[in-house]
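J.: No sequence on hand, only this structure:
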C-alpha cells in the first residue's frame with residue numbers, strides 16, 4: 001500500500017554546527033492517526049514544516065503518496081495536506097465563519113455556485129453550521145479551532161496535521177476538539193490520515209500510533225499501550241504519562257502494564273470483588 005508519508009534519511013540543521021535531524025526515518029500509513037509527541041524543542045513542529053515544504057531539508061527525501069517533495073512538486077503536495085496551527089486567532093481572515101471557510105475555496109478558484117454547499121458540508125462535519133454567520137472573534141477557543149478544521153476539510157485534503165492545536169485551549173475546548181477528531185476518524189476511516197503534534201499524552205492516547213521524538217531522534221514508536229508502557233524512557237524524555245498511567249503508578253498494588261482509563265476502571269473494579 002502507498003504510504004501517506006515516507007521520510008528517508010532526513011537531515012536538517014538550524015545552522016552549520018548543529019543537526020536537528022540526522023538520517024531520520026519515518027513511515028506513516030494511509031488512514032493512520034499518528035500522535036507525534038515530544039518535549040518543547042524536540043523537533044515536532046519543525047518536522048511538520050519540512051513535510052509541507054515550508055523549510056527545506058539539507059538531505060534525504062520526503063514523499064507524500066509516492067510524490068517526492070521538491071521545488072517542482074511542493075504545491076502539488078500541499079494540496080494533499082491541511083494544517084491547523086496552535087493559535088486559532090492567527091488563522092482567521094474572514095468577517096464571518098462562512099467567509100473564513102470560503103477563503104481557501106476562493107484561492108483554489110472553486111466555482112461560486114459550489115461554495116455554499118461545500119461550506120455547509122464542512123461546518124456540519126465539525127458541528128459548527130449554526131455559527132456560520134457569527135463573527136469569529138465571538139467564538140470560544142474550541143469553536144475557533146473547529147472552524148479552522150472546517151476550513152481545512154472544505155479543501156478535501158488526504159492528510160490533516162494539527163500542530164499543538166489544543167495547547168492554548170481550556171479543558172472544555174480541548175475536549176471539544178478531540179471529540180471532533182474522533183468523529184472524523186469514524187466518518188472518514190482510511191480515507192483520511194491524521195497527524196496530531198502534541199505534548200499532551202492524554203490526547204496522544206486517542207491515536208492509533210504514538211511516535212516519540214527527542215531532540216530530532218525517534219526514540220519510541222508503537223501503539224499507545226506499547227509506548228506508554230515505557231514509563232522510564234518517557235520521563236527521561238521530559239514527558240508525563242497519561243492520567244490513567246500516572247494514577248496507576250501511584251497505586252501500592254499497581255498494574256504491571258499500562259492501562260487506559262476504561263481498562264484501569266475495570267482493573268480497580270475487579271480488585272474490589
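T.: Alright, I've got the coordinates. The model shown is predicted, which means the values in this text are computed figures rather than measured ones. Numbers count the residues shown, from 1 in each chain.

J.: Okay, strands next: where are they in the chain?
T.: 3-15, 18-29, 33-37, 59-64, 67-68, 81-84, 159-163, 193-198, 209-214, 217-222 (DSSP state E).

J.: Can you convert those into a markdown table and add a column each for mean pLDDT and distance to residue 238?
T.: For the C-beta atoms, the positions are set from N, CA and C on the backbone; glycine is no exception. What follows is the strands of the chain, written out as a markdown table (pLDDT from 0 to 100; distance: least, C-beta to C-beta, whole Å):
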| stretch | mean pLDDT | distance to residue 238 |
| --- | --- | --- |
| strand 3-15 | 92 | 20 |
| strand 18-29 | 91 | 16 |
| strand 33-37 | 96 | 10 |
| strand 59-64 | 96 | 26 |
| strand 67-68 | 96 | 34 |
| strand 81-84 | 93 | 24 |
| strand 159-163 | 95 | 19 |
| strand 193-198 | 95 | 14 |
| strand 209-214 | 94 | 8 |
| strand 217-222 | 94 | 11 |
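
J.: so which of the ones you listed gets nearest residue 138?
T.: Of all those, the one in closest proximity to residue 138, counting by C-beta to C-beta, is strand 81-84 (19.8 Å).

J.: Please tabulate the strands of the chain in CSV, including the columns distance to residue 180 and mean neighbour count.
T.: Formatted as CSV, the entries for these read as follows, by distance: least, C-beta to C-beta, whole Å; neighbours: other C-beta atoms under 10 Å:
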stretch, distance to residue 180, mean neighbour count
strand 3-15, 20, 17
strand 18-29, 21, 17
strand 33-37, 13, 24
strand 59-64, 24, 18
strand 67-68, 28, 14
strand 81-84, 11, 22
strand 159-163, 10, 23
strand 193-198, 11, 24
strand 209-214, 20, 23
strand 217-222, 25, 16
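
J.: Select the longest helix from the chain.
T.: Ranked by residue count under DSSP state H, the longest helix found in the chain is helix 171-188.

J.: tell me the angle of it relative to strand 159-163?
T.: 170 degrees (axes from the mean of the first three to the mean of the last three C-alpha atoms, to 10 degrees).

J.: Give me the contacts around helix 171-188.
T.: Helix 171-188 is contacted from outside by 33, 125-127, 140-143, 145-146, 149, 153, 160, 162, 165-166, 169, 192, 194, 196, 200, 203, 206, using C-beta atoms under 8 Å, 6 or more residues apart in numbering.

J.: Could you give me the buried positions within that helix?
T.: 173, 174, 176, 177, 178, 180, 181, 184, 185, 188 (16 or more other C-beta atoms under 10 Å).

J.: what bridges to the nearest residue to residue 81 once chain neighbours are set aside?
T.: Leaving out its chain neighbours, the residue that sits closest to residue 81 by C-beta to C-beta, 6 or more residues apart in numbering is residue 159, at 4.6 Å. According to DSSP bridges, residue 81, residue 193 are recorded as the beta-bridge partners of residue 159.

J.: Please name whichever of the strands of the chain is nearest to residue 135.
T.: Nearest to residue 135 among the strands of the chain is strand 81-84 (19.9 Å), distances taken as C-beta to C-beta.

J.: what helices or strands is the closest one leaning on?
T.: Identification of packing neighbours for strand 81-84 by 3 or more C-beta pairs under 8 Å, 6 or more residues apart in numbering; DSSP states H and E yields helix 44-52, helix 141-153, strand 159-163.

J.: what's the angle from the second one to helix 171-188?
T.: Using the same axes, to 10 degrees, the inter-axis angle of helix 141-153 relative to helix 171-188 is 30 degrees.

J.: For residue 61, see how far away residue 51 is.
T.: Between residue 51 and residue 61 the distance, using C-beta to C-beta, to the nearest Å, works out to 11 Å.

J.: what do you get for residue 108?
T.: In this view, residue 108 and residue 61 are 27 Å apart by C-beta to C-beta.

J.: got it, and residue 217?
T.: Note on residue 217: its distance to residue 61, by C-beta to C-beta, is 19 Å.

J.: now residue 103
T.: When distances are taken as C-beta to C-beta, residue 103 and residue 61 turn out to be 32 Å apart.

J.: What of residue 18?
T.: Residue 18 is 22 Å from residue 61, where distance means C-beta to C-beta.

J.: Also residue 21?
T.: Between residue 21 and residue 61 the distance is 12 Å, computed by C-beta to C-beta.
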